[in-house]
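Peer 1: structure of the sequence below:
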Amino acid sequence: METNSFPYRARRWNGRTRPLRGLRVVALAASLATSGCASGTEPDARKPAGDVVPQTFAGEGWRTDFSERTVPLTEFVSGGPSRDGIPPIDDPRFLPANLVDFVAPSEPVIELVVDGQARAYPIQILIWHEIVNDELGGRPVAVTFCPLCNAAIAFDRRVGGRTLDFGTTGKLRNSDLVMYDRQTESWWQQFGGKALVGHYAGRELEQLPARIVAWRDFERAHPKGQVLARPHGPPSSQSGFLRPYGENPYAGYDDVASSPLFATANAGDRRLSPKERVVFIERDEDAIAIPFSVLERKKHITVLAGGERLNVRYRAGVGSPLDKPEVRAGRKIGSVEVRRGGKLVAFDQPFWFAVAAFRPDVEVVR
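Peer 2: Presented below is the predicted three-dimensional model:
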């Protein structure tokens, strides 16, 4: 795979076909059929959706059982790279927090604490790999980041007593990462963690209470914590990827009024600008989105979701990884935590267009 290149192909953005500013794009995309991306609803699990397996999928060597699916296969589009062309990290190395010198104070990291053990996963690394298969506190976990929709989500990798390992399909749905497990090659939506195609169609991964914080805040809160190290080694090894860590291949992508790179369902939903960052909370049938612009003013909001009273707090000083050509230089956008009582709960802080695509019934808190 080419190195130092934009992971996804260029698409029409703000009315013109061009790469994002600051990107080194290998080639412009060929035209991409998006007519199948108009639906954000999902029929009952494990019922074939009536369409045939696209010839491109059949010729890619998948062992996936395409007869088991909860959405039409036409909703999946190629993002450019092939399977694992954006390579997940399967053998992560970690450094003690006090030895880390490659992350700037305001840089965003994904914080995950399991059974008292804390780890930070710098976005400057996840932006190039999107998935880390890890084990923390005796629990197998997958830490994921989709730069196209700004979704940072951690999952328990166990399903029905079986531990799964995840890779990238090279496919997108609603401009969001589609993962696959190597055990059955079922396809999983990163947003929400649901299996859409294959043996596990209809199953859902348990989401863990991860959050994005500034590196300085993680280091202060967890001085004995561990930090994902930059992969290294020869290009032929599984850990050697030769990526320009610290650089942002999506410079300028988080312009709040700009459109996503790929077609999404409910693109006409104008309740918020496409790339307004929101806090997204799901509890039972309830779905709530709180714009960052509201939280910047209010700092603290209490919401009721699924019968639970949740406290949502805004913290300033966290940089955007999708702004400047260097991650450390991103403008300050802040971050959020959601707690029930004093306990951190699972949530996400994606771009609005992703929420509108996957949960059009969401309640927007003004």
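Peer 1: low-confidence stretches in the stretch 151-300 of the chain?
Peer 2: 233-241 (pLDDT under 70).
Peer 1: show me where it has its strands.
Peer 2: Remark: strands assigned in the stretch 151-300 of the chain by DSSP state E, counting those that start in this stretch are 151-156, 158-159, 162-163, 166-173, 176-181, 187-189, 195-197, 207-208, 211-214, 226-228, 278-283, 286-291, 300-305.
Peer 1: mind listing the strands the third one pairs with, and their directions?
Peer 2: Put plainly, it is strand 162-163. strand 158-159 (antiparallel) (DSSP bridges).
Peer 1: do the last one as well
Peer 2: Next to strand 300-305 in the sheet, as set by DSSP bridges, lie strand 308-315 (antiparallel).
Peer 1: cool, and the longest one?
Peer 2: For strand 166-173, the pairing partners within the sheet under DSSP bridges are strand 77-78 (antiparallel), strand 176-181 (antiparallel).
Peer 1: alpha carbons of it, as PDB, please.
Peer 2: Taking C-alpha atoms only, strand 166-173 is exported to PDB below (Å, rounded to 0.1, in the frame of the first residue of the first chain):
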ATOM      1  CA  PHE A 166     -11.300  -6.700  13.900                       C
ATOM      2  CA  GLY A 167     -10.000  -5.300  10.700                       C
ATOM      3  CA  THR A 168     -11.100  -2.700   8.100                       C
ATOM      4  CA  THR A 169     -13.200  -3.800   5.200                       C
ATOM      5  CA  GLY A 170     -12.300  -0.800   3.000                       C
ATOM      6  CA  LYS A 171     -16.000  -0.200   2.800                       C
ATOM      7  CA  LEU A 172     -18.000   2.700   4.100                       C
ATOM      8  CA  ARG A 173     -21.700   3.100   5.000                       C
END
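Peer 1: ok now it, how far from the chain's centre?
Peer 2: 11 Å (CA atoms, centre = their mean, to the nearest Å).
Peer 1: what sits up against it?
Peer 2: Outside of strand 166-173, the residues within contact range by CB atoms under 8 Å, 6 or more residues apart in numbering are 8, 37, 71, 75-88, 130-131, 133, 142, 144, 148, 157, 177-182, 187-189, 196, 262. Every C-beta, even on glycine, is put in place using the N, C-alpha and C of the backbone.
Peer 1: cool, and the first one?
Peer 2: Outside of strand 151-156, the residues within contact range by CB under 8 Å, 6+ apart are 110, 112, 123, 126, 139-145, 176-177, 190-191, 193, 205-210, 212, 348-350, 354.
Peer 1: how about a cut-off of 6 Å?
Peer 2: 110, 112, 141-145, 191, 193, 205-208, 210, 212, 348, 350 (CB atoms under 6 Å, 6 or more residues apart in numbering).
Peer 1: selecting buried members of those residues in PyMOL, what would you type?
Peer 2: A single PyMOL command selects the buried members of these (16 or more other CB atoms under 10 Å):
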select buried, resi 110+112+141+142+143+144+145+191+193+205+207+208+210+212+348+350
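Peer 1: just to revisit the earlier point, quick one, which of the contacts of strand 166-173 are buried?
Peer 2: Buried among the contacts of strand 166-173 by 16+ other CB under 10 Å: 8, 37, 71, 75-81, 84-88, 130-131, 133, 142, 144, 148, 157, 177-181, 187-189, 196, 262.
Peer 1: in stretch 124-143, what counts as buried?
Peer 2: 124-134, 136, 139, 141-143.
Peer 1: in strands, which of these fall?
Peer 2: Ile131, Val132, Asn133, Asp134, Leu136, Arg139, Val141, Ala142, Val143 (DSSP state E).
Peer 1: can you lay out those as a markdown table showing distance to Leu172 and pLDDT?
Peer 2: Shown next, in a markdown table, are those (distance: CB to CB, whole Å; pLDDT from 0 to 100):
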| residue | distance to Leu172 | pLDDT |
| --- | --- | --- |
| Ile131 | 14 | 98 |
| Val132 | 20 | 98 |
| Asn133 | 20 | 98 |
| Asp134 | 24 | 98 |
| Leu136 | 28 | 98 |
| Arg139 | 28 | 98 |
| Val141 | 23 | 98 |
| Ala142 | 18 | 98 |
| Val143 | 19 | 98 |
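Peer 1: and which of these is nearest Ser106?
Peer 2: Among these, Val143 lies closest to Ser106 (CB to CB), at 20.5 Å.
Peer 1: wait, the closest one touches Asn133, no?
Peer 2: No: look at Val143 against Asn133 with CB atoms under 6 Å: they stay out of range, at 8.6 Å.
Peer 1: which neighbours do those two have in common?
Peer 2: Residues touching both Val143 and Asn133 (CB under 6 Å, 6+ apart): there are none.
Peer 1: how much space separates Gly85 from Asp181?
Peer 2: Between Gly85 and Asp181 the computed distance is 17 Å (CB to CB, to the nearest Å).
Peer 1: also Pro223?
Peer 2: Separation of Pro223 from Asp181 (CB to CB) stands at 35 Å.
Peer 1: swap in Thr169?
Peer 2: 10 Å.
Peer 1: can you give me the end-to-end distance of stretch 223-231?
Peer 2: For stretch 223-231, the first and last residues are 22 Å from each other (CA to CA, to the nearest Å).
Peer 1: relative to the whole chain's centre, how far out is it?
Peer 2: 20 Å.
Peer 1: try stretch 80-87
Peer 2: Mean-position distance between stretch 80-87 and its chain equals 15 Å (CA atoms, centre = their mean).
Peer 1: what sits closest to Glu363 if chain neighbours are left out?
Peer 2: Ile288 (5.3 Å; CB to CB, 6 or more residues apart in numbering).
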